[in-house]
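Participant: below are the sequence and a predicted model for it; my questions follow.
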Amino acid sequence: MVPIVPLTPSSAHRARNPLSSLLLCLLAGCGSVPSRVPSGGLPNGARGSGEGVLAELTTRAERGDVEAQLLLASMYLEGRGVPADEAAAVRWYRIAAGRDDARAQYALGVLAEQGKALPRNDEEAAMWYRLAAAQGHAPAQTNLGRLYLEGRGVPRNPSEAQEWLNAAAQQGNAAACLSLGLMYLEGRGVPQDEPGAVHLVQLAAERELPVAESTLGSMYEEGRGVARDDDQAARWFRRAADHGFAEAQARLGLMYARGRGVAQDPAEAARWTRLAAEQGLAVAQSNLGLMFLRGEGVPQDEHEASRWLSRAAEQGIPAAQGKLGVLLEQGRGAEQDDIGAYVWYSLGAAQGDTFAAERREILSARMTADEIRAAEERVREWNAAERAQPR
């Protein structure tokens with residue numbers, strides 16, 4: 001029996017341990033272009049609707065009203081009330097940035113870093129973040145610190161990263177608190193300090209940053225910087241899961257499956273695992289496929305098992321690749337396909353999955369030489385496509 005895949009480094013090359021890799025997720029709360037449309041939809045003094053409102057906003061923006069400039073930029077960027085027009089959005093952000101507006105400078109930094117509406121350019125992103133950060137803009141300080149930590153757009157400099165992240169954290173920026181916490185947790189450019197890391201991560205979690213809530217749950221689950229406590233782990237995973245954070249949903253699903261920190265409940269395990277799987281989390285897709293295969297918390301359904309295992313296998317989960325190979329080999333939940341089974345066994349075996357390697361050896365004994373050549377060609381094509389993917 002293939003076990004449900006835990007969220008650990010051994011899961012797969014694309015299933016990351018939250019405590020060792022959440023630095024990749026720090027943009028939560030600080031990596032999107034700020035919308036300037038308030039809940040009422042218009043800044044003070046703007047009246048009417050449709051073309052008249054747009055004309056009034058444009059007039060005000062052309063007269064130097066920065067709030068109107070920012071509002072027009074966000075409208076054009078998102079296609080709200082006007083046809084989407086990235087060039088117009090960038091034009092208005094640049095005009096506002098030229099008036100030294102930190103929000104516009106930050107927005108241009110995000111666009112340059114993400115390659116949205118502007119060519120992707122980390123150097124340009126760092127320039128805009130620095131201008132906004134110098135004015136005390138906390139999200140820009142956070143992102144500039146992250147670029148220094150990663151060495152993107154600027155020389156890698158953990159001390160400079162720490163300085164900018166401290167500045168943002170002192171303003172209560174949750175993402176900065178989390179970034180600093182992870183630096184101390186892993187000793188990345190600073191002396192390792194797990195209790196100090198817990199304090200910073202908890203500050204971020206108490207500000208309801210989902211990735212921080214999930215990280216704190218992991219710390220309690222693994223006993224890093226705090227006494228191991230499954231009840232606290234489940235509590236923080238639930239908070240992050242309720243906020244829609246996929247990794248926390250998957251973790252909570254595992255806790256329900258194992259009865260750790262919560263009463264064992266296969267149906268709840270399947271419910272939380274499905275929520276994470278539907279967001280595209282590969283490990284959750286693999287686990288959900290195995291649940292359907294075994295009928296754990298859901299009705300047994302080999303077609304559903306094949307569907308979810310296929311999604312996880314496509315994302316590189318070796319346990320899913322091996323189990324999908326079995327379904328294809330035996331024609332369960334999918335059309336019988338020895339060549340396809342051989343391909344998935346090979347890909348799983350290449351990642352060290354002994355089950356997949358053993359199944360491939362058994363299968364190859366009854367395949368023809370032409371079938372094996374065809375399967376190995378598909379494996380080479382897969383690997384070539386993987387190498388071509390941006391990292």
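Facilitator: Cool, the structure landed.

Participant: list the buried residues in stretch 262-273.
Facilitator: Val262, Pro266, Glu268, Ala269, Ala270, Arg271, Trp272, Thr273 (16 or more other CB atoms under 10 Å). Heads up, the C-betas are built off the backbone N, CA and C, glycines and all.

Participant: so which helix or strand takes in the third one?
Facilitator: Using DSSP states H and E, Glu268 maps to helix 266-278.

Participant: what's the angle from the very next helix or strand once past that helix to helix 266-278?
Facilitator: Using DSSP H and E, the next helix or strand after helix 266-278 towards the C-terminus is helix 282-294. Here helix 282-294 runs at an angle of 140 degrees relative to helix 266-278 (axes from the mean of the first three to the mean of the last three CA atoms, to 10 degrees).

Participant: who are the packing partners of helix 282-294?
Facilitator: helix 246-258, helix 266-278, helix 302-314, helix 318-330 (3 or more CB pairs under 8 Å, 6 or more residues apart in numbering; DSSP states H and E).

Participant: so, low pLDDT: which residues of this protein?
Facilitator: Applying pLDDT under 70 to the chain picks out residues 1-50, 391.

Participant: if we can go back for a sec, among the helices and strands packed on helix 282-294, which is nearest Glu62?
Facilitator: For Glu62, the closest of those is helix 246-258, at 43.8 Å, according to CB to CB.

Participant: returning to that earlier point: contacts for the helix holding Glu268, please.
Facilitator: Defining contact as CB atoms under 8 Å, 6 or more residues apart in numbering, one finds that helix 266-278 is touched by 241, 246-247, 249-250, 252-254, 256-257, 262, 284-285, 287-288, 291, 296-298, 308, 311.

Participant: with stretch 292-308 instead?
Facilitator: The contact list for stretch 292-308, computed with CB under 8 Å, 6+ apart, reads 257, 265-271, 277, 285-286, 288-291, 309, 323-324, 327, 332-334.

Participant: and stretch 215-230, by the same measure?
Facilitator: Against stretch 215-230 from outside (CB under 8 Å, 6+ apart): 18-19, 22, 178, 181-182, 185, 194-195, 197-198, 201-202, 205, 232-237, 240, 248, 251, 255, 260-261.

Participant: which of those are buried?
Facilitator: Burial by neighbour count, 16+ other CB under 10 Å: within those this picks out 18-19, 22, 178, 181-182, 185, 194, 197-198, 201-202, 205, 232-237, 240, 248, 251, 255, 261.

Participant: that older thread, can you redo the helices and strands packed on helix 282-294 as JSON lines with distance to Gly225?
Facilitator: Shown next, in JSON lines, are the helices and strands packed on helix 282-294 (distance: least, CB to CB, whole Å):
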{"stretch": "helix 246-258", "distance to Gly225": "18"}
{"stretch": "helix 266-278", "distance to Gly225": "25"}
{"stretch": "helix 302-314", "distance to Gly225": "31"}
{"stretch": "helix 318-330", "distance to Gly225": "30"}
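
Participant: the ones you listed: which one's closest to Ala384?
Facilitator: Going by CB to CB, the one of the helices and strands packed on helix 282-294 nearest Ala384 is helix 302-314, 15.3 Å.

Participant: double-check Gly181 against Leu209; I have them as touching.
Facilitator: No: between Gly181 and Leu209 there is no contact under CB atoms under 8 Å: 10.8 Å.

Participant: quick revisit: the buried ones among the contacts of stretch 215-230 in helices, which ones?
Facilitator: Per DSSP state H, helices hold the following members of these: 18-19, 178, 181-182, 185, 194, 197-198, 201-202, 205, 232-237, 240, 248, 251, 255.

Participant: dihedrals phi and psi, the closest residue to Glu86 other than its chain neighbours?
Facilitator: The shortest distance from Glu86 to any non-neighbouring residue, by CB to CB, 6 or more residues apart in numbering, is to Ala117 (3.8 Å). Backbone torsions for Ala117, taken as degrees, to the nearest 10, come to phi 70, psi -10.

Participant: before we move on, what about Val82?
Facilitator: phi -140, psi 160.

Participant: next, count neighbours for it.
Facilitator: Close neighbours of Val82, defined as other CB atoms under 10 Å, add up to 17.

Participant: my guess is it contacts Ala73, does it?
Facilitator: No: applying CB under 8 Å as the test, Val82 and Ala73 come out as separate, 11.0 Å apart.

Participant: could you check how far Glu56 is from Gly322?
Facilitator: 63 Å (CB to CB, to the nearest Å).

Participant: more crowded one of the two?
Facilitator: Neighbour totals were compared for Glu56 and Gly322, and Gly322 leads with 27 against 16 (other CB under 10 Å).

Participant: who's in contact with the closest residue to the more buried one other than its chain neighbours?
Facilitator: Closest residue in space to Gly322, ignoring its immediate chain neighbours: Ala356 at 3.6 Å, by CB to CB, 6+ apart. Ala356 is in contact with Pro318, Gln321, Gly322, Gly325, Trp344, Tyr345, Ser346, Leu347, Gly348, Ala349, counting by CB under 8 Å, 6+ apart.

Participant: in a markdown table, list the residues you listed along with distance to Gly64.
Facilitator: What follows is these, written out as a markdown table (distance: CB to CB, whole Å):
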| residue | distance to Gly64 |
| --- | --- |
| Pro318 | 59 |
| Gln321 | 59 |
| Gly322 | 64 |
| Gly325 | 65 |
| Trp344 | 61 |
| Tyr345 | 66 |
| Ser346 | 64 |
| Leu347 | 59 |
| Gly348 | 61 |
| Ala349 | 65 |
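
Participant: which ones are touching Pro191?
Facilitator: Residues near Pro191 by CB under 8 Å, 6+ apart: Tyr184.
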